[in-house]
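S.K.: Give me the fold of what follows.
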Amino acid sequence: MQVTIDDFRQLLGSGGVLAADDARARRGGIYHEDNIAAQAVLRPRTTDEVAEILRRCNAARQTIIVHGGLTNLTHGADTRPADIVLSLERMNVIEEIEPLGRTMTVQAGVPLQVIQEAAAAHDLMFAVDLGARGSCQIGGNVSTNAGGNRVIRYGMMRENVLGLEAVLADGTVVSSLNRMIKNNAGFDLKHLFIGTEGQLGIVTRLVLRLREASRSQSTGFVAIDSFARVPQFLKHMDRELGGMLSAFEVMWASFYDAVTTPPARGKPPLPGEYPYYVLVESLGADPETDAARFEAAMIAAIDAGLAADAVLAKSQGERAALWALRDDVEQMFRYGRPIIFDVSLAIAYMEQYVADVQAALSRHYPDHHMLTFGHLGDGNLHFAIAVGDTGESARRKVEESVYGPLMAIGGSVSAEHGIGLEKKPYLDWCRTPAEIDLMRTLKRTLDPNGILNPGKVFDL
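M.R.: Take a look at the predicted model:
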């Protein structure tokens, strides 16, 4: 049995099918140079339509690649000419906001920023936040277990999903739209689909956990003169703020210099003479009291020698300017096309780990550029590394320089971006054979014909 594109036109209606030529007009991702190569892009509006697409494709052994906002950084949504793309862009409805229970039920194609704004209109907050908020879709955030800026307080995407609906490879709809925080009635099946990169099923609808909107926001920017004081400053602020610490973003001098000098538009809030800079923020409920508490904590940190210099945002404009420095990831490209990394490790190992990576790169490429930054409070570091050579051999040397030192310290090659194709060769550097075998068992059980996002994460 084979499927043809005409098979789906009647099912999906006007605009529901983009043929191969129209697919090629679309870019394959946020930093992709190539356009989409596929037989077609299918754009369903409902779970039932997704289920029927999968039933037909599974019977024909037709491979399916799911597309959300295409902000993935590990080639997790790459396609081949024989694939069919299933885009969730038209499944973009917020179905319900329940203020008393603090939940929101949405379709998977709703952009993250739309969800944040809808929650705010009800004086609530959806806590997950990341730089691609305007483009990424919530289904993709769930499929990769996205992290972002507030993980230190609110956790990853996994902690902010109460229930979901997903379609298995054979078209079976698993509807587990739980609205309760506590529900221990059997297996929590949503975790089969959170962080599994579309390998086990396609997420179509979600119940999200909302929080009460914060009424205060205090933001500071700190210069620190040694790495040993960075985690000490983290512990100090966490303790003094009594649970209100919501962001702890660290910039190494290389990154700070890149985002505060032309052609970057950012202006340096502090002199560029220190090795580390921290953007720290708290969210609370009492603007006057919380601001005083935040300022007192910052002053105490300076008095204790934990911070060498600091500024406090006195307006929303100043706060936005500080966050714009952290979010100016376009500066990663100022030294040529970089290789972007997203790793996780214990804070205790970070200083030596970064030095080891730098030393390994210097042996291969003495004139390399490495920008280092990340959500240090939750153990997540990012590198943008340019070595002047974009060939595969150079990429392999750089990847081994970054991932190699992680093995001895129990780190992960992916903190929040997923595995996709890019990190697939290194999955066994941070996961045991037994773990990977279990992943394969789940894949074979739920997708025996291997039609969902084939070739990504691991080989069967």
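S.K.: Strands of the stretch 101-250 of the chain, start to end?
M.R.: Secondary structure of the stretch 101-250 of the chain (DSSP state E, counting those that start in this stretch): strands at 103-107, 124-125, 161-167, 173-176, 202-209, 211-212, 216-224, 245-252.
S.K.: which helices and strands does the third one pack with?
M.R.: The reference is to strand 161-167. helix 47-59, strand 173-176, strand 202-209 (3 or more C-beta pairs under 8 Å, 6 or more residues apart in numbering; DSSP states H and E). (Each C-beta comes from the backbone N, C-alpha and C, glycine too.)
S.K.: CSV for the strands of the stretch 101-250 of the chain, including mean neighbour count, mean pLDDT and distance to residue 339?
M.R.: Converted to CSV, the strands of the stretch 101-250 of the chain look like this (neighbours: other C-beta atoms under 10 Å; pLDDT from 0 to 100; distance: least, C-beta to C-beta, whole Å):
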stretch, mean neighbour count, mean pLDDT, distance to residue 339
strand 103-107, 23, 98, 34
strand 124-125, 19, 98, 35
strand 161-167, 25, 98, 31
strand 173-176, 16, 97, 37
strand 202-209, 25, 98, 29
strand 211-212, 13, 97, 36
strand 216-224, 23, 98, 27
strand 245-252, 23, 97, 17
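S.K.: want to throw those into JSON lines with distance to residue 50?
M.R.: JSON lines is the format used below for those (distance: least, C-beta to C-beta, whole Å):
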{"stretch": "strand 103-107", "distance to residue 50": "10"}
{"stretch": "strand 124-125", "distance to residue 50": "28"}
{"stretch": "strand 161-167", "distance to residue 50": "5"}
{"stretch": "strand 173-176", "distance to residue 50": "8"}
{"stretch": "strand 202-209", "distance to residue 50": "5"}
{"stretch": "strand 211-212", "distance to residue 50": "30"}
{"stretch": "strand 216-224", "distance to residue 50": "39"}
{"stretch": "strand 245-252", "distance to residue 50": "35"}
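S.K.: Which one of those strands lies nearest to residue 329?
M.R.: strand 245-252 (11.6 Å; C-beta to C-beta).
S.K.: Quick one: name whatever helix or strand follows that closest one.
M.R.: helix 253-260 (DSSP states H and E).
S.K.: which residue ranges form the strands in the stretch 351-460 of the chain?
M.R.: 369-374, 380-386.
S.K.: okay, the helices and strands packed on strand 161-167 in a markdown table with distance to residue 90 next?
M.R.: Formatted as a markdown table, the helices and strands packed on strand 161-167 follow (distance: least, C-beta to C-beta, whole Å):
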| stretch | distance to residue 90 |
| --- | --- |
| helix 47-59 | 9 |
| strand 173-176 | 18 |
| strand 202-209 | 12 |
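S.K.: Nearest to residue 294 among these would be which one?
M.R.: strand 202-209 (25.9 Å).
S.K.: Identify whichever of the strands of the stretch 101-250 of the chain lies nearest to residue 135.
M.R.: Nearest to residue 135, of the strands of the stretch 101-250 of the chain and by C-beta to C-beta, is strand 103-107 at 16.3 Å.
S.K.: mind exporting that closest one as PDB, just the C-alpha atoms?
M.R.: The C-alpha trace of strand 103-107 is given here as PDB (Å, rounded to 0.1, in the frame of the first residue of the first chain):
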ATOM      1  CA  THR A 103      -4.700  25.400  34.100                       C
ATOM      2  CA  MET A 104      -4.800  26.100  30.400                       C
ATOM      3  CA  THR A 105      -5.800  23.600  27.800                       C
ATOM      4  CA  VAL A 106      -4.200  24.300  24.400                       C
ATOM      5  CA  GLN A 107      -3.500  22.700  21.000                       C
END
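S.K.: Can you classify residue 302 by secondary structure?
M.R.: helix (DSSP: H, G, I helix; E, B strand; the rest coil).
S.K.: returning to what we had before: in JSON lines: the strands of the stretch 351-460 of the chain, plus mean pLDDT.
M.R.: Listed next are those as JSON lines, based on pLDDT from 0 to 100:
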{"stretch": "strand 369-374", "mean pLDDT": "96"}
{"stretch": "strand 380-386", "mean pLDDT": "96"}
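S.K.: distance of the residue nearest to residue 40 when sequence neighbours are not counted from residue 38?
M.R.: The shortest distance from residue 40 to any non-neighbouring residue, by C-beta to C-beta, 6 or more residues apart in numbering, is to residue 5 (4.7 Å). Distance of residue 5 to residue 38, given as C-beta to C-beta, to the nearest Å: 10 Å.
S.K.: what's the answer for residue 23, then?
M.R.: Distance from residue 23 to residue 38, by C-beta to C-beta: 5 Å.
S.K.: Can you show me the helices along the stretch 351-460 of the chain?
M.R.: 392-403, 433-446 (DSSP state H, counting those that start in this stretch).
S.K.: Of all these, which one is nearest residue 190?
M.R.: Nearest to residue 190, of those and by C-beta to C-beta, is helix 433-446 at 13.9 Å.
S.K.: Centre of the chain to that closest one, how far?
M.R.: How far helix 433-446 lies from its chain's middle: 24 Å, per C-alpha atoms, centre = their mean, to the nearest Å.
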